[in-house]
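Trainee: Pasted the sequence and its predicted model underneath.
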Amino acid sequence: MRKYHLSVGVLMVVVFLVTGQLMRRHEPPMGALSDSARLMFRSRHIYLLASGLVNLILGLYMQREPAGWRMIVQIIGSGLLMASPVLLILAFAVEPERGFRTEMWRSAAGLYTLFGGCMAHLASACGKPRQEPEQSTARRMSA
């Protein structure tokens, strides 16, 4: 799972940079858009970064849970966290152009899956005995 989260995280950071350039070169310029349209572009842009950073950090530090309920909850959380960027990319592509009059279910679903995935990972780790990192050989010998 770590490799998948890392891949999704790196990809989403790249998507964030690309969407930033799309906003910079947007026609008409972002400054000419209404405040609400600009706000929608910027918020969806930041959502992309949030989903990318969560996946990136999880890809760097996630510890796989052994078999049991913790593993199942962790897998569900990972699935939600990897689904979130797809929904948020769709939200960035579709919602700002349609304006506030339309349903914004893509961004809402993307944020709920991001939240749900984080909470599932939290639940899988709660109450678990904390593992202390192993000391290096040199530190153990001097102690």
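Mentor: Now that the structure is in, tell me what you want to look at. Numbers count the residues shown, from 1 in each chain.

Trainee: Tell me how many other residues surround Gly20.
Mentor: Number of residues near Gly20 (other CB atoms under 10 Å) recorded here: 13. In this view, the C-beta of every residue, glycine as well, is placed from N, C-alpha and C.

Trainee: Work out for me the element it sits within.
Mentor: When secondary structure is defined using DSSP states H and E, the element that contains Gly20 is helix 2-24.

Trainee: Tell me the secondary structure at Glu27.
Mentor: coil (DSSP: H, G, I helix; E, B strand; the rest coil).

Trainee: So it versus Ala50, what's the distance?
Mentor: Note on Glu27: its distance to Ala50, by CB to CB, to the nearest Å, is 27 Å.

Trainee: thinking again about what came up before, okay, buried residues for the helix holding Gly20 please.
Mentor: Of the residues in helix 2-24, those with enough neighbours to count as buried (16 or more other CB atoms under 10 Å) are 4-6, 8-9, 12-13, 15-16, 19, 23.

Trainee: Same check on stretch 32-40?
Mentor: Neighbour counts over stretch 32-40 (16+ other CB under 10 Å) mark 37-38, 40 as buried.
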